[in-house]
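# kindly generate the corresponding structure for this input.
(chains A and B)
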There are 2 protein chains.
Amino acid sequence: MTSSAPTDTFRRIALRRHPVGEPTPEDFVVLSEPRPTPGPGELLVRTLHVGISPAARIRMSSRESYAAPLELGETIYAPTVGVVAESRDPAVPAGTIVTSPGGWSELSVARSDAVDVFDPRLGPASSALGIYGTSGFTAWAGLRQFGSIKPGSTLVVSAAAGAVGSLVAQIGRLRGCRVVGIAGGQEKCRLVEEEYGATACVDHRSSSMATDLATACPAGIDLYFDNVGGKVRDAVWSALTPGGTVVVCGLISEYNQDSPEPGPPWFRLLSQRLTVKGFLVRDHHGLRAEFLAEMSAWVDAGLITYREEFHDGIESAPRAFIEMLRGHNRGKTIVRLADDPR
Amino acid sequence: MTSSAPTDTFRRIALRRHPVGEPTPEDFVVLSEPRPTPGPGELLVRTLHVGISPAARIRMSSRESYAAPLELGETIYAPTVGVVAESRDPAVPAGTIVTSPGGWSELSVARSDAVDVFDPRLGPASSALGIYGTSGFTAWAGLRQFGSIKPGSTLVVSAAAGAVGSLVAQIGRLRGCRVVGIAGGQEKCRLVEEEYGATACVDHRSSSMATDLATACPAGIDLYFDNVGGKVRDAVWSALTPGGTVVVCGLISEYNQDSPEPGPPWFRLLSQRLTVKGFLVRDHHGLRAEFLAEMSAWVDAGLITYREEFHDGIESAPRAFIEMLRGHNRGKTIVRLADDPR
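Now for the predicted structure:
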């Protein structure tokens, strides 16, 4: 693709109805609207890439969560990377690459103090969403803030072939953990072992998951980085060591459910003195510079690898999202609207 | 009562069968046995007082927990305070007051390095089980290690009229918290408010418990010290503030159940970034001297008050235990076998 010239209209994708269970394409609508004009202190940002992540499912439900539910007609929430097309703030001139919560939209207006400038020397603009974006920062900050990792300890991560999980596995390994992944299917498990350096990866679709997990973790599980919740979490729960920690980063298996699932019994939490900690990366924005420095050094040294999976055109976003929730992605799912500007 | 002279036999109480649900007197048996003889490095301890606590219920079930289940015929586990009747270690001479896990028994043999010497200047021997014993240490260490209390924050404690809860309430108040108790019944609630200094106390037997809790905690709950689990915990769960903490110290409401109850949904744990931490006081033995110094200063200054409820004679232990599990006690339940030695 090449970047398209500015036009008088742009397209965005909104909720047509609140999905019940697994979202369908009919839950979304593509709207075409007149190009907006930024006011003082605002930027008009042309989206290059939209980051597709499971957490977007949460706000599509009508129930209250950590953010207000999306209203019908509202643009689907998503982090984006884009180029400033018009600026009403001289500090962020036209042509600057920025990340912002632009949503499933070809254009967005943002206050200049609500965007982060992306340094293009780090990598292509798409990397601002995955490895240097929310996914990478989540993996890095989750382990740094809550991991209290001792070298040689056993770290288990679920959704280990996904955008966050694949980085948790690699960062854990770099920090000296024995890393065991959990993923859906043999092919993903091979990826986690061969490309992301896990000692082992357990297929959660196998009927022998619990046994396989025990075999892969003969000394128990010291730290569990949970992206999925549900039955995978329950299997890990029984294998946590005394004093073990769970970092709750995501609950993908529950996002399509209308009412929340019960958690595991607290009896074991007490008897094993477990710590369970919910984690949202947005609380840790102050660590961003440190994150970018450490992560880019690892990437430049070839110590960390990552995958991006592109879908082209804003109209591909619902399908990309639905496929990702089904676990069909490998690495970061990105909707590409334009190539990087030269 | 007066202390009885040594005899050739002693009595102890053992499990006759594993209780199913609420224990009954028939689950226990009083055994009379020949007086044991301590070996080298051992002490024969004559029990003065037995501490009765809900946690003893856990090991009565046949299922595995943080300690092996009691076998039939084994003495019921309990902390005791006693006087050394015969010593085979000159460092702990006869006449010394010691605490040890002597169980529901008139006599016990202990290795001298497995007992703690009790300083009788602190208070009567019974205080070695409550305020200066496991109950006090649990309340103090749980708040110190996990509370990270900010003055003005709202602390909620369940079983607030009990041995641990009444001290959590008072220590929380001394540390600057706004303390709200939860207890069963109006009379206990009055005790918690008037004697233990809680700003309010919510009756968990009331059908309006959740509303009452919300009214008592208009700014939400920052820290919950959980002694009970179950429906009380679930009501608190919905009122925790973002970043709130739960210290899981006990699950009294579940101890009589054969299989563990599910915990609350993790969705809220994630969205509110909660921390949940299981806590056993035995992990914190290194803090004992600091605890005794701070607690005795508070007691001597009249800043902390406590209650002891005595039942006389070893044969009263099963009934005292059953009554305590039903919540009929106020403060620490103690089975008294003899008065303090003079």
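# residue ranges with poor pLDDT in the stretch 51-200 of chain A?
A:64-67, A:147 (pLDDT under 70).
# what ranges does it have for its helices?
Using DSSP state H, counting those that start in this stretch, the helices assigned to the stretch 51-200 of chain A run over residues A:56-60, A:134-146, A:165-174, A:186-194.
# quick one: which of the ones you listed is nearest A:T275?
Nearest of those to A:T275, taken as CB to CB: helix A:134-146 at 8.3 Å. In short, each C-beta sits where N, CA and C put it, glycine included.
# quick one: closest of the helices of the stretch 51-200 of chain A to A:A239.
Taking CB to CB, helix A:165-174 is the member of these nearest to A:A239, at 16.6 Å.
# buried residues in the closest one?
In terms of neighbour count (16 or more other CB atoms under 10 Å in any protein chain shown), helix A:165-174 has its buried residues at A:G165, A:S166, A:L167, A:V168, A:A169, A:Q170, A:I171, A:G172, A:R173.
# name the helices or strands packed onto that helix?
Helices and strands touching helix A:165-174, as assessed by 3 or more CB pairs under 8 Å, 6 or more residues apart in numbering or on different chains; DSSP states H and E, comprise helix A:134-146, strand A:154-158, strand A:178-183, helix A:186-194, strand A:221-226.
# which among those is found nearest to A:V50?
Using CB to CB as the measure, helix A:134-146 is the one of those that comes nearest A:V50, at 11.9 Å.
# quick one: that closest one to strand A:154-158, angle?
If you take axes from the mean of the first three to the mean of the last three CA atoms, to 10 degrees, helix A:134-146 sits at 150 degrees to strand A:154-158.
# how far is helix A:134-146 from where the chain is centred?
Centroid separation for helix A:134-146 versus its chain: 11 Å, with CA atoms, centre = their mean, to the nearest Å.
# now that helix - C-alpha only, PDB.
The C-alpha trace of helix A:134-146 is given here as PDB (Å, rounded to 0.1, in the frame of the first residue of the first chain):
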ATOM      1  CA  THR A 134       1.300  -1.500  24.700                       C
ATOM      2  CA  SER A 135       2.100  -5.100  24.200                       C
ATOM      3  CA  GLY A 136       5.800  -4.800  24.900                       C
ATOM      4  CA  PHE A 137       5.300  -2.300  27.700                       C
ATOM      5  CA  THR A 138       2.800  -4.600  29.300                       C
ATOM      6  CA  ALA A 139       5.100  -7.600  29.200                       C
ATOM      7  CA  TRP A 140       8.100  -5.600  30.500                       C
ATOM      8  CA  ALA A 141       6.300  -3.600  33.200                       C
ATOM      9  CA  GLY A 142       4.300  -6.600  34.500                       C
ATOM     10  CA  LEU A 143       7.400  -8.600  35.100                       C
ATOM     11  CA  ARG A 144       9.400  -5.600  36.400                       C
ATOM     12  CA  GLN A 145       6.700  -4.400  38.900                       C
ATOM     13  CA  PHE A 146       5.400  -7.700  40.100                       C
END
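# what's the angle from that helix to strand A:221-226?
Between helix A:134-146 and strand A:221-226, the angle comes out at 140 degrees (the same axes, to 10 degrees).
# helix A:134-146 near chain B at all?
No: contact between helix A:134-146 and chain B is absent, the nearest approach being 9.0 Å (criterion: CB under 8 Å from any CB of the partner chain).
# what residues does chain A have near chain B?
Applying CB under 8 Å from any CB, one finds that chain A approaches chain B through A:65-66, A:229, A:233, A:248-251, A:254, A:260-280, A:283.
# now, which of the residues you listed lie within strands?
Counting by DSSP state E, these place A:V248, A:T275, A:V276, A:K277, A:G278 in strands.
# state the pLDDT value of A:S4.
For A:S4, the pLDDT comes out at 51.
# brain fart, A:G220
Listed pLDDT for A:G220 reads 97.
# check contacts around it.
Residues near A:G220 by CB atoms under 8 Å, 6 or more residues apart in numbering or on different chains: A:T154, A:A239, A:L240, A:T241, A:G244.
# now do the contacts for A:T80.
A:T80 makes contact with A:45, A:47-51, A:99-103, A:105, A:108, A:129 under the criterion CB under 8 Å, 6+ apart.
# can you do 7 Å?
Contacts for A:T80 (CB atoms under 7 Å, 6 or more residues apart in numbering or on different chains) come out as A:T47, A:H49, A:V50, A:G51, A:T99, A:S100, A:G102, A:G103.
# what of A:S32?
With contact taken as CB under 7 Å, 6+ apart, A:S32 is in contact with A:T9, A:R11.
# list the buried residues in the helix or strand encompassing it.
Secondary structure assigned from DSSP states H and E places A:S32 in strand A:28-34. Using 16+ other CB under 10 Å as the burial criterion, the residues of strand A:28-34 that qualify are A:F28.
# okay, now the sheet partners of that strand, with direction.
Within its sheet, strand A:28-34 is paired with strand A:9-15 (antiparallel), according to DSSP bridges.
# so what touches the strand it pairs with?
Contacts of strand A:9-15 (CB under 7 Å, 6+ apart): A:27-35, A:60, A:70, A:72-76, A:103-107, A:314, A:317-318.
# follow-up on the earlier one: tell me the one among the ones in strands among the residues of chain A next to chain B nearest to B:A293.
Set against B:A293, the nearest of those by CB to CB is A:T275 (27.9 Å).
# quick one: the residue in the stretch 101-250 of chain A that chain B sits nearest to from A:K188, how far?
Scanning the stretch 101-250 of chain A for proximity to chain B using CB to the nearest CB identifies A:V248 as nearest, at 5.1 Å. Taking CB to CB, to the nearest Å as the criterion, A:V248 is separated from A:K188 by 22 Å.
# most tightly surrounded among the helices of the stretch 51-200 of chain A?
Mean neighbour count (mean count of other CB atoms under 10 Å in any protein chain shown) peaks for helix A:165-174 among those, with a mean of 26.
# for that helix, what is the distance to the chain centroid?
The chain centre lies 14 Å from the centre of helix A:165-174; the measure is CA atoms, centre = their mean.
# okay, angle between it and strand A:221-226 too, please.
Computed by the same axes, to 10 degrees, the angle separating helix A:165-174 from strand A:221-226 equals 150 degrees.
# contacts for helix A:165-174?
Here helix A:165-174 has contacts from A:135-136, A:139-140, A:142-143, A:155, A:157-160, A:179, A:181, A:192, A:196-198, A:225, A:227, A:298, A:303-304, A:306, A:331, using CB under 7 Å, 6+ apart.
# of those, buried ones?
A:135-136, A:139-140, A:142-143, A:155, A:157-160, A:179, A:181, A:192, A:196-198, A:225, A:227, A:298, A:304, A:306, A:331.
# nearest residue to the residue positioned nearest the centre of chain A in space, please, no chain neighbours.
Centroid-nearest residue in chain A: A:S135, 4.2 Å away (criterion: CA atoms, centre = their mean). For A:S135, ignoring the flanking residues on the chain, the nearest one in space by CB to CB, 6 or more residues apart in numbering or on different chains is A:A163 at 3.9 Å.
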